[in-house]
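Asker: Predicted coordinates and the sequence they were generated for:
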Amino acid sequence: MTAGPALDTASGTVDRQAVWSALGTVLDPELDEPITDLDFVETCTVSPDPDDTANGSFVRVGLRLPTFFCAPNFSFLMVADAYDAVTAIPGVSRAQVTLADHHASAEINGGVAAHAGFVKSFEGSINGSAAAELDELRHTFLSKAALAGQDRVARPLVDAGQGPEELAALTLGELAGTEADTDELTRMRTRREAIGLPAGDDAPLLVHSDGSPVTVEQVPLHLRRARLQRVGIETNGEYCKSLLQIRYAENAPAAAGH
Amino acid sequence: MYEKDGEKYFIVDSHSHFWDASRENWVEGREQYAKGWIDCFYGYHQLGPPETHWDWEKYLKVSVDDFERDMFVEGHVDYAIFQSTYLKEWYKNGFNTTEQNAELIQRFGDRIIVNGRFDPREGDAGIKQLEADHAKFGFKGVKLYTAEWNGDSRGYKLTDPEAYRFLQAAQDMGIKNVHIHKGPTIWPLDKDAFDVADVDHAATDFQGMNFIVEHVGLPRIEDFCFMAVQEPNVYAGLSVAVGGLMHARPKFFAKVMGELLFWVGEDKMTFGSDYNIWTPKWQVEGLVDWQMPDDDQFADYPRLTTASKKKILGLNAAKLYDIPVPDECKLQDAPGEQLVAGQ
């Protein structure tokens, strides 16, 4: 990130591109993809904040999701994360992030604006109260993403002929500068780091969910599991993308307001 | 029955509905939920081939004549198993109740198998109701919606003591098939509502029952597969997997089928059209024509033979529901021979 505010020179407000990049760090926790790539960001406007004496900017972000009943816990996480990402941009004095066309829009939008947690946001709501905060949920899905990431990184190596013995011995540091040193490697390391799994140069490429290394004998089944995990997440992503496209097509019922 | 290239396929649609989402049935003050629900389904509907799309108004409620044409005349279906989904919080007379489904029995006789439902949160009254319904309809199966709203509750788990009481009661009545919706993440507020771990425990503790996980646990297919591989009485209900992916995302359909064939196996996969989300015709015909792609990335997935397609499209479900299969549709080979041949 840049040290000072990234300003749009024409209007003196924070550059819209800086806002877009910040939103690009927000993931759909279940799909492990940025909300900007998923087309969940419907609107994003930057204007001068009249209430701020230091000439700060007011950023308004409108989010949308594939269905009216998308799980409120994931939805809440995305709205809250987007709010945090935008307010962290230097020069932003006020942010408003809202979710549209969702069965729990009111609770989520109100809760995020009031900096209430997930549980508090749903207190007394028709949509019921939440049993727990979402940290554990986030952890579960990062752990799934870390497993799927091992398939994304290891699959090309398997295809290139590396066997269980080589794969079990490989460390992340050894992959640096090789053909396997891709965005997927970075992505997997970031996910592992976030949940405290070994992610340093000396960490094995293949690890179990508790961080222990995968032994030579365990490699084939571990890779099967990693691939299944990836198929699960990516298939889910395909559903969501198709449904979003259909929902916001021009003459869809949601858009037409039946 | 569907015939293609001299092969006869006995078709059991093991997951279908006959719903009423018409405006008249929306609960006052809850219209947005009733509409939101059917809108979600309508989104899924449009993942099918364009020529099979209906307009939204028709989608709200189809007639018995529509049903007959779509299932039995054009859809190749021999037997249809109906799953009930009440949702009375939003739909006055229920979305898709046992009574609604049972009306079809009067017209189509034993080609319609109506499954019951229970909700452990209804306590003793719920057990009594299940007994009464069972006495009337003679259930062979029930459909459970563990994420369904009920008063203040936003879902339950099969492992709840009350749920065990109901499962025990159902097993004692001779109900042997339990279909559980573990599908796309719609509205469960708590993380547990889409978790499949509860099925794992229940399947171990109720060996006299079969647990058919509908929508193969999507979007938690990995959790489902890891669990199903260890439980002999857990089945993969393919509804939504075929309808939502085969046309719209063929590559992902191939991967999902490949994973299911590897982890769960062709003897434990059952076809369901999920009518009236989609019609069965294109799904049955498409599945019979379907082959695993030749591409390298699919190379180590098991292949589907004609025999495996026959099992998935009807023979597996016929076994679970004791449905008589005409000789011409039975497998000629001894059981297990296909598996060896496929290795």
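Answerer: Nice, I can see it. Numbers count the residues shown, from 1 in each chain, chains lettered A, B, ... in the order given.

Asker: can you tell me the helix or strand for B:L130?
Answerer: Element membership of B:L130, judged by DSSP states H and E, is helix B:123-137.

Asker: tell me which residues in that helix are buried?
Answerer: B:G126, B:I127, B:Q129, B:L130, B:D133, B:H134, B:F137 (16 or more other CB atoms under 10 Å in any protein chain shown). The C-beta positions use only the backbone N, C-alpha and C, and glycine is treated the same way.

Asker: Could you report the distance from whatever residue of the stretch 101-250 of chain A ends up closest to chain B to B:E148?
Answerer: Across the stretch 101-250 of chain A, no residue is closer to chain B than A:N236, which sits at 3.6 Å (CB to the nearest CB). Here the criterion is CB to CB, to the nearest Å. By it, A:N236 lies 22 Å from B:E148.

Asker: residue boundaries of the helices in the stretch 151-258 of chain A?
Answerer: Secondary structure of the stretch 151-258 of chain A (DSSP state H, counting those that start in this stretch): helices located at A:164-169, A:172-175, A:183-194, A:219-247, A:253-256.

Asker: Rebuild these as a markdown table, extending it with mean pLDDT and mean neighbour count.
Answerer: Converted to a markdown table, the helices of the stretch 151-258 of chain A look like this (pLDDT from 0 to 100; neighbours: other CB atoms under 10 Å in any protein chain shown):
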| stretch | mean pLDDT | mean neighbour count |
| --- | --- | --- |
| helix A:164-169 | 98 | 16 |
| helix A:172-175 | 97 | 17 |
| helix A:183-194 | 96 | 17 |
| helix A:219-247 | 95 | 21 |
| helix A:253-256 | 44 | 15 |
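
Asker: ok, back up a step: how many other residues sit next to the residue nearest to the residue of the stretch 101-250 of chain A closest to chain B when sequence neighbours are not counted?
Answerer: Leaving aside its sequence neighbours, A:N236 sits nearest to B:P219 (CB to CB, 6 or more residues apart in numbering or on different chains; 3.6 Å). For B:P219, the neighbour count with other CB atoms under 10 Å in any protein chain shown is 24.

Asker: surely B:P219 meets A:E30?
Answerer: Yes - taking CB atoms under 8 Å as the definition, B:P219 is a contact partner of A:E30 at 6.8 Å.

Asker: Would you reformat the buried residues of helix B:123-137 as TSV and include pLDDT?
Answerer: Shown next, in TSV, are the buried residues of helix B:123-137 (pLDDT from 0 to 100):
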residue	pLDDT
B:G126	96
B:I127	96
B:Q129	95
B:L130	95
B:D133	93
B:H134	95
B:F137	88
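
Asker: among these, which are within reach of chain A?
Answerer: With CB under 8 Å from any CB of the partner chain as the criterion, the buried residues of helix B:123-137 include none near chain A.

Asker: quick one, which of the helices of the stretch 151-258 of chain A is nearest to A:S75?
Answerer: Closest of the helices of the stretch 151-258 of chain A to A:S75 is helix A:219-247, at 12.0 Å (criterion: CB to CB).

Asker: Could you list every helix and strand that the closest one packs against?
Answerer: With contacts taken as 3 or more CB pairs under 8 Å, 6 or more residues apart in numbering or on different chains; DSSP states H and E, helix A:219-247 sits against helix A:135-159, helix A:164-169, helix B:31-45, helix B:221-228, helix B:241-245, helix B:250-263.

Asker: Ranking these by mean neighbour count, which comes first?
Answerer: helix B:241-245 (a mean of 27; mean count of other CB atoms under 10 Å in any protein chain shown).

Asker: That one and chain A, are they touching?
Answerer: Yes - Helix B:241-245 lies within reach of chain A by CB under 8 Å from any CB, at B:G244, B:L245.

Asker: for the record, mean pLDDT for that helix?
Answerer: Here helix B:241-245 scores 95 as its mean pLDDT.

Asker: thinking again about what came up before, please state the offset of the helix holding B:L130 from the chain centre?
Answerer: 22 Å (CA atoms, centre = their mean, to the nearest Å).

Asker: Excluding its own residues, what touches it? List them.
Answerer: B:98, B:102, B:114, B:116, B:118-120, B:122, B:139, B:142, B:162, B:165-166, B:169-170, B:173, B:175 (CB atoms under 8 Å, 6 or more residues apart in numbering or on different chains).

Asker: What subset of the residues you listed is buried?
Answerer: B:98, B:102, B:114, B:116, B:118-120, B:139, B:142, B:162, B:166, B:169-170, B:173, B:175.

Asker: Quick check: buried residues in stretch A:28-38?
Answerer: A:D28, A:P29, A:E30, A:L31, A:D32, A:E33, A:I35, A:T36, A:L38.
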